[in-house]
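Colleague: test case, fold it:
(one chain, ligands or ions: 1)
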Amino acid sequence: MGKVAVAFAAVAVVAACSVAAMMVGRRMKSRRKWRTVVEILKELEDDCDTPVARLRQVVDAMAVEMHAGLASEGGSKLKMLLTFVHVLPTGREKGTYYALHLGGTYFRILRVHLGAQRSYLDVQDVERHPIPSHLMNSTSEVLFNFLAFSLERFIEKEENGSISQGVKRELAFTFSFPVKHTSISSGVLIKWTKGFEISEMVGKDIAECLQGALDRRGLNMHVAALVNDTVGALSLGYYHDPDTVVAVVFGTGSNACYLERTDAIIKCQGLLTTSGSMVVNMEWGNFWSSHLPRTSYDIDLDAESSNSNDMGFEKMISGMYLGDIVRRVILRMSQESDVFGPTTSVLSDPYVLSTNSVSAMHEDDTPELQEVARVLKDLGVSDVPLKVRKLVVKICDVVTRRAGRLAAAGIAGILKKIGRDGSGGITSGRSRSEIQMQKRTVVAVEGGLYMNYVMFREYMEEALVEILGEEVSQYVVVKAMEDGSSIGSALLVASLQS
Ligand code: BGC
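Modeller: Now for the predicted structure:
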């Protein structure tokens, strides 16, 4: 071999070695990156862990906090608000009633016609529209004028264009925010939640604001009740099944209410009602306990939210926030490794990933996870391999499983407080025989998260059985109440008239 040929051969060997070394180096680097995301996932799993022992601590904390909130004003993060609802619809109501529901994402208007028999409940013309986002931080006048205008259009449609003024219409206003009631039809806004920010409305009477707007439009309509969405769901639940004593909403926000004995509402001594009980709006979104498994993502989400240090439980379990927790995990993975390609600016946008998209990815049953690929593409992340898509599904699973299980612990906490969890619970005002005899207990549940996200629902129901045990669980029935918040409020107004 000549000198030149030897030199060529040597160069070729060196080049081959360095290509091989580069490839090995790249592989090692990509393995290291993959290890990084696996570690982030593992940390998330550990931080979100909810073994049944921990859930039971949350159950106990919920029951204790309920007790404290009933004992004194400001005694707990749970406000335990009086609703002045002490009689629930029975099925004997009759007449035509309207409901307007301002929720977190949608507003609904509907009309119900009742024929004095439970089987004669005719829900007519349900209208459901997204709340225009500019209204969420407008003024009370703009918001209520908009609601009154929408009601007017609804009635115009039902009466084919002309509104007859001779008829007085009774309206239930379902208002899904914390209100301090002074009667069933009046109460002031305590604070906004779920991203609403019309500060001048805090402290104003909500029913009065709506009545004023209706009067200004010349609509002969009377705001007969101001109702929290949970109370609406309870009313519909009770109408169908009088064993319904608890109602929970899992939607954009989350909350629960239940029937409490008036003698257990210590902060209002001397409170008298014909039934001896009253529905209490817990405002459980603000529940907090050191037993809640909190991650760095929850801490950052809270710090960057418009209501930081507030609604801690809601931020772990409700539809407004689950998507953003998942987004934060993906963002961190994308910043600390290159498995998602370069970090996109879309992924850094708060709330850009909705819980609906999380549910679509989590429940994607296509072999190639096409739905996951589609959602990631919307976040500016394209062409990720299948194993990365599987990783994303896992993140959705961890976050939603924690939410479902904590939601179950919340419900079990209420059951404990009212002596329906089989343990004897916190017994203020209850006799031993009442505690020991396990009664059938129906929990009415409403809200888009529960209705539409099957995995959330399944995790919640599974954990409830785990917490209560098979035997007690047989007495606890969880019933979905579609549109319960609005229909139930209309039924409540009907029951006030009869
Ligand atoms: C509100 C509650 C409401 C719940 C569910 C929370 O943000 O504070 O009043 O019941 O959302 O809509």
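Colleague: packing partners for the helix or strand containing F144?
Modeller: When secondary structure is defined by DSSP states H and E, F144 falls within helix 140-158. In terms of contacts (3 or more CB pairs under 8 Å, 6 or more residues apart in numbering; DSSP states H and E), helix 140-158 is packed against strand 94-102, strand 106-115, strand 121-130, helix 206-216. All C-beta spots, glycine's among them, are computed from the backbone N, C-alpha and C.
Colleague: could you rerun that using 7 Å?
Modeller: Packed against helix 140-158 by the contact rule (3 or more CB pairs under 7 Å, 6 or more residues apart in numbering; DSSP states H and E) you find strand 94-102, strand 106-115, helix 206-216.
Colleague: look up phi and psi at the closest residue to the ligand within the stretch 151-300 of the chain.
Modeller: Closest contact between the stretch 151-300 of the chain and the ligand, by CB to the nearest ligand atom, is at G253 (2.4 Å). With angles defined as degrees, to the nearest 10, G253 shows backbone torsions of phi -110, psi -170.
Colleague: adding mean neighbour count, mean pLDDT and distance to the ligand, write the helices and strands packed on helix 140-158 out as a markdown table.
Modeller: Shown next, in a markdown table, are those (neighbours: other CB atoms under 10 Å; pLDDT from 0 to 100; distance: least, CB to the nearest ligand atom, whole Å):
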| stretch | mean neighbour count | mean pLDDT | distance to the ligand |
| --- | --- | --- | --- |
| strand 94-102 | 22 | 96 | 10 |
| strand 106-115 | 19 | 95 | 11 |
| helix 206-216 | 19 | 97 | 12 |
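Colleague: kindly reformat the ones you listed as JSON lines containing distance to A412.
Modeller: Shown next, in JSON lines, are these (distance: least, CB to CB, whole Å):
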{"stretch": "strand 94-102", "distance to A412": "28"}
{"stretch": "strand 106-115", "distance to A412": "29"}
{"stretch": "helix 206-216", "distance to A412": "32"}
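Colleague: can you tell me which of the ones you listed is nearest to P51?
Modeller: Taking CB to CB as the criterion, strand 106-115 is the member of the helices and strands packed on helix 140-158 that comes nearest to P51, at 36.0 Å.
Colleague: adjacent strands (with direction) for the helix or strand that comes right after the helix holding F144?
Modeller: Scanning the chain past helix 140-158 towards its C-terminal end, the next helix or strand to appear is strand 169-175 (assignment: DSSP H and E). Sheet partners assigned to strand 169-175 using DSSP bridges are listed as strand 94-102 (parallel), strand 221-227 (parallel).
Colleague: nearest to C396 among those strands would be which one?
Modeller: Between C396 and those, the tightest spacing by CB to CB is seen for strand 94-102, at 28.8 Å.
Colleague: quick check: next helix or strand after the lowest-mean-pLDDT helix or strand in the chain?
Modeller: One helix or strand of the chain scores below all others by mean pLDDT, DSSP states H and E: helix 432-436, with a mean of 48. Past helix 432-436, further along toward the C-terminus, the next helix or strand under DSSP H and E is strand 441-446.
Colleague: any bit of the next helix or strand after that following strand sitting next to the ligand?
Modeller: Stepping forward along the backbone from strand 441-446, the first helix or strand reached (DSSP H and E) is helix 448-452. No. When contact is scored as CB under 6 Å from any ligand atom, no part of helix 448-452 falls within range of the ligand; the minimum is 9.9 Å.
Colleague: and the next helix or strand past helix 448-452?
Modeller: helix 454-468.
Colleague: other residues contacting that following helix?
Modeller: When contacts are taken as CB atoms under 7 Å, 6 or more residues apart in numbering, the neighbours of helix 454-468 outside the stretch itself are 52, 55-56, 59, 362-363, 400-401, 403-405, 407-409, 411-412, 421-422, 449-450, 473, 476, 478.
Colleague: in that helix, what's buried?
Modeller: Taking 16 or more other CB atoms under 10 Å as the neighbour-count basis, helix 454-468 is seen to contain the buried residues 455-457, 459-461, 463-464, 466-468.
Colleague: among these, which two are most distant?
Modeller: When CB to CB is used, the two most widely separated members of the buried residues of helix 454-468 are M455 and L468, lying 20.6 Å apart.
Colleague: coming back round to it: drop anything exposed from the contacts of helix 454-468.
Modeller: With burial judged by 16+ other CB under 10 Å, the buried subset of those is 55-56, 59, 362, 400-401, 403-405, 407-409, 411-412, 421-422, 449-450, 473, 476, 478.
Colleague: just these: which are in strands?
Modeller: Mapping the buried ones among the contacts of helix 454-468 onto strands (DSSP state E) picks out 476, 478.
Colleague: which ones among the buried ones among the contacts of helix 454-468 are found in helices?
Modeller: In this view, the buried ones among the contacts of helix 454-468 that belong to helices under DSSP state H are 55-56, 59, 362, 400-401, 403-405, 407-409, 411-412, 449-450, 473.
Colleague: average pLDDT for stretch 329-344, rounded please.
Modeller: Confidence for stretch 329-344, expressed as mean pLDDT, is 91.
Colleague: over to stretch 380-391?
Modeller: Confidence over stretch 380-391, taken as the mean pLDDT, stands at 94.
Colleague: enumerate the positions of it that are buried.
Modeller: In stretch 380-391, counting by 16+ other CB under 10 Å, buried: 380-381, 384, 388-389, 391.
Colleague: would you mind listing what in the stretch 51-200 of the chain touches the ligand?
Modeller: Proximity of the stretch 51-200 of the chain to the ligand (CB under 6 Å from any ligand atom) is limited to residues 104, 176-178, 193-194.
Colleague: residue ranges with poor pLDDT in this protein?
Modeller: Within the chain, the ranges that satisfy pLDDT under 70 run 1-29, 161, 424-437.
Colleague: redo that, cut-off 50
Modeller: Within the chain, the stretches falling below the threshold (pLDDT under 50) are 17, 428, 432-436.
Colleague: ok but M278 is inside a helix, no?
Modeller: No. Read with DSSP: H, G, I helix; E, B strand; the rest coil, M278 is strand and lies in no helix.
Colleague: that one and L81 touch, don't they?
Modeller: No. Taking CB atoms under 7 Å as the contact criterion, M278 and L81 are not neighbours in contact, 10.3 Å apart.
Colleague: tell me the SS of T273?
Modeller: Assigned with three-state DSSP, T273 falls in the coil class.
Colleague: how close does it sit to R108?
Modeller: Note on T273: its distance to R108, by CB to CB, to the nearest Å, is 29 Å.
Colleague: ok, whichever strand or helix holds I487 near the ligand or not?
Modeller: Counting by DSSP H and E, the element that carries I487 is helix 484-497. No. Contact of helix 484-497 with the ligand is not found when judged by CB under 6 Å from any ligand atom; the minimum separation is 7.8 Å.
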